[in-house]
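*Asks:* Generate a structure from the sequence data that follows.
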Amino acid sequence: MSQLRSVKVLDTTLREGEQTPGVYFDVHIKLAIADLLDEIGIDIIEAGHPAVTEGIRHAVDQIAKRNLNARIGAHARSLEKDVDLALQCGVTFLGIFYCVSEERLKDYGTQLNQAIAQITKVIRYAKEQNPELLVRYTPEDTVRSPFANVLSVAAEAVRAGADIISIADTTGCMIPGTESNMYDYVRRLKDELARNDLRPLIAVHCHNDRGLALANALESYRAGADIIDVSVLGLGERAGIVDLASLLSILKHDFKLDRKMDLKKIPELYNLVSRYSGIPVAVHFPVTGKNAFTHCAGVHTQAAIKNPVHYQSLDPEIVGRKTEIVLDHMSGISAVQFSLEQIGEITTDKDLTQRVLKKVKEVGQTGRTVDYQELKYIVRYLKEHSNLGGKK
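*Replies:* Okay, here's the model as predicted:
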């Protein structure tokens with residue numbers, strides 16, 4: 001699979017990620033997260049919504065002053081006071097949102113033309129304050145809003161100065177292969193805007209309520225989206241959004257994304273975010289989970305020892321990891337022999353190897369795996385309790 005097309009990645013761990021119930025990062029942790037995101041090569045770091053709390057405003061201000069390579073962005077309602085707070089922090093990217101679904105407009109007690117007037121007024125105001133500011137407009141809940149509403153507001157937003165229109169699958173309802181799919185939506189919006197001689201960058205913000213955020217993000221990439229939103233661990237409202245590590249590894253490995261990114265920093269980033277969010281990296285999580293490149297079953301390990309590609313579609317070196325073999329009740333003789341070699345126990349004693357395998361399986365049936373340290377203890381024990389070891 002190959003598609004040599006550039007795409008920018010916006011990380012919103014510090015904004016969307018903090019909307020995960022119970023998650024908040026102290027300012028010194030936010031700075032550390034931002035530094036790692038920048039080292040990885042993230043294009044835009046959405047640092048927070050300054051109007052929410054003074055602590056968030058301070059953190060956005062501190063990150064913006066860090067002189068990182070990434071653009072530092074802030075979130076804002078379609079209100080001039082939100083824009084002022086963001087610009088006072090020195091951000092170079094501003095995301096403005098306003099929903100134009102019929103239900104929300106009714107709840108706001110406003111008409112579409114009134115909403116458009118408010119949105120365009122705020123965009124113009126932001127651009128007047130800083131003409132170099134990169135402005136994104138998001139019609140929140142884009143894909144469930146009437147397309148005519150979305151097109152009208154997007155067109156007027158671009159005419160007012162918006163550089164980016166973001167398609168928000170706010171409830172994660174888009175499903176590839178159905179009438180409601182992200183590929184067709186991106187193409188349709190780009191084409192309709194182009195007919196009006198409007199060519200903004202198109203961003204996508206995919207939620208994971210149905211487990212399809214990554215699939216929808218990749219569909220949007222294929223359709224020509226210019227920016228994809230992600231977060232570490234996929235943190236965010238409810239089931240979260242697109243996972244950073246999953247998307248970057250696929251773009252790099254499968255779509256041959258031709259750009260400089262240091263994905264080997266990903267494990268460090270995930271450990272940091274996991275520790276201070278209180279949310280563990282699930283052991284079976286793709287790319288970053290403990291078991292992502294770990295082989296256990298006998299047939300699998302035998303093949304993986306000879307050539308990991310038999311049971312791996314991604315080279316773990318891309319993200320600074322290695323293929324691992326673990327021992328438990330599913331292990332076979334090949335895995336034991338390989339592991340014995342790893343601890344320097346080179347032996348031609350088939351009887352000893354079989355007894356090690358038997359003991360490993362016994363331990364495995366208790367629900368534990370045998371690491372190399374325990375394997376050393378097992379070998380020592382079996383040698384001491386065999387005639388070969390000279391003890392009984």
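*Asks:* For Thr294, which non-adjacent residue is spatially closest?
*Replies:* Glu324 (4.5 Å; CB to CB, 6 or more residues apart in numbering). C-betas here are computed from N, CA, C, even on glycine.
*Asks:* do Thr171 as well
*Replies:* Asp209 (5.7 Å).
*Asks:* Could you list the low-pLDDT ranges of this protein?
*Replies:* 1-4, 295-311, 387-392 (pLDDT under 70).
*Asks:* Next SSE downstream of the top helix by length along it?
*Replies:* For the chain, the longest helix by residue count, based on DSSP state H, is helix 112-129. For helix 112-129, the following helix or strand on the C-terminal side (DSSP states H and E) is strand 134-138.
*Asks:* buried ones in that next one?
*Replies:* 134-138 (16 or more other CB atoms under 10 Å).
*Asks:* Which elements pack onto that strand?
*Replies:* On a contact count with 3 or more CB pairs under 8 Å, 6 or more residues apart in numbering; DSSP states H and E, strand 134-138 meets strand 71-77, strand 93-97, helix 112-129, helix 147-160, strand 164-169, strand 201-206.
*Asks:* mind giving me a markdown table with the ones you listed and columns for distance to Tyr221?
*Replies:* Shown next, in a markdown table, are those (distance: least, CB to CB, whole Å):
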| stretch | distance to Tyr221 |
| --- | --- |
| strand 71-77 | 20 |
| strand 93-97 | 20 |
| helix 112-129 | 26 |
| helix 147-160 | 20 |
| strand 164-169 | 12 |
| strand 201-206 | 8 |
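*Asks:* Count residues in the vicinity of the residue nearest to Thr294, would you?
*Replies:* Residues near Glu324, counting by other CB atoms under 10 Å, number 14.
*Asks:* Also Tyr185?
*Replies:* 24.
*Asks:* Tell me, how many residues neighbour Ala74?
*Replies:* 31.
*Asks:* quick one: contacts for it?
*Replies:* 46-50, 60, 85-86, 89, 91, 93-95 (CB atoms under 8 Å, 6 or more residues apart in numbering).
*Asks:* all helices of the stretch 251-392 of the chain, in order?
*Replies:* Using DSSP state H, counting those that start in this stretch, the helices of the stretch 251-392 of the chain run over residues 266-277, 298-306, 333-342, 350-364, 372-384.
*Asks:* Same question for the last one: list its buried residues.
*Replies:* I take that to be helix 372-384. 375, 378-379, 382-383.
*Asks:* same deal with the fourth one?
*Replies:* Along helix 350-364, these residues count as buried under the neighbour rule (16+ other CB under 10 Å): 352-353, 355-357, 359-361, 363-364.
*Asks:* Same question for stretch 341-351.
*Replies:* So, applying 16+ other CB under 10 Å, buried residues of stretch 341-351: Glu345.
*Asks:* Including distance to Leu201, could the helices of the stretch 251-392 of the chain go into a markdown table?
*Replies:* As requested, these are exported to a markdown table (distance: least, CB to CB, whole Å):
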| stretch | distance to Leu201 |
| --- | --- |
| helix 266-277 | 25 |
| helix 298-306 | 42 |
| helix 333-342 | 49 |
| helix 350-364 | 52 |
| helix 372-384 | 50 |
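*Asks:* Relative to Ile318, which of those helices is closest?
*Replies:* helix 266-277 (9.0 Å; CB to CB).
*Asks:* Show me how the record splits this protein into domains.
*Replies:* 8-277, 294-389 (automatic domain parsing).
*Asks:* Determine how far the first one lies from the middle of the whole chain.
*Replies:* Pointing back at domain 8-277 there. 13 Å (CA atoms, centre = their mean, to the nearest Å).
*Asks:* May I have the distance across that domain, first residue to last?
*Replies:* End-to-end distance for domain 8-277, by CA to CA, to the nearest Å: 26 Å.
*Asks:* Other residues contacting stretch 346-361?
*Replies:* With CB under 8 Å, 6+ apart as the criterion, stretch 346-361 contacts 327-329, 331-333, 336-337, 340, 370, 375, 378-379, 381-383, 386, 388.
*Asks:* Can you list the residue ranges for strands in the stretch 201-350 of the chain?
*Replies:* Listed in chain order, the strands of the stretch 201-350 of the chain (DSSP state E, counting those that start in this stretch) span 201-206, 227-230, 294-295, 324-325.
*Asks:* on that earlier part again, so which of the contacts of Ala74 are in strands?
*Replies:* 46, 93-95 (DSSP state E).
*Asks:* What is the burial count for Asp169?
*Replies:* 27.
*Asks:* beta partners for it?
*Replies:* Cys206 (DSSP bridges).
*Asks:* ok, it - contacts?
*Replies:* Residues in contact with Asp169, defined by CB under 8 Å, 6+ apart, are 142-143, 182, 204-207, 213, 216.
*Asks:* Would you point out the most distant pair within those?
*Replies:* Thr142 and Ala213 (14.6 Å).
*Asks:* more neighbours, the two?
*Replies:* Neighbours per residue (other CB under 10 Å) separate Thr142 from Ala213, with Ala213 holding more: 29 against 26.
*Asks:* shouldn't the more buried one be in contact with Cys206?
*Replies:* Yes - in this structure, Ala213 is within contact of Cys206 by CB atoms under 8 Å, at 4.3 Å.
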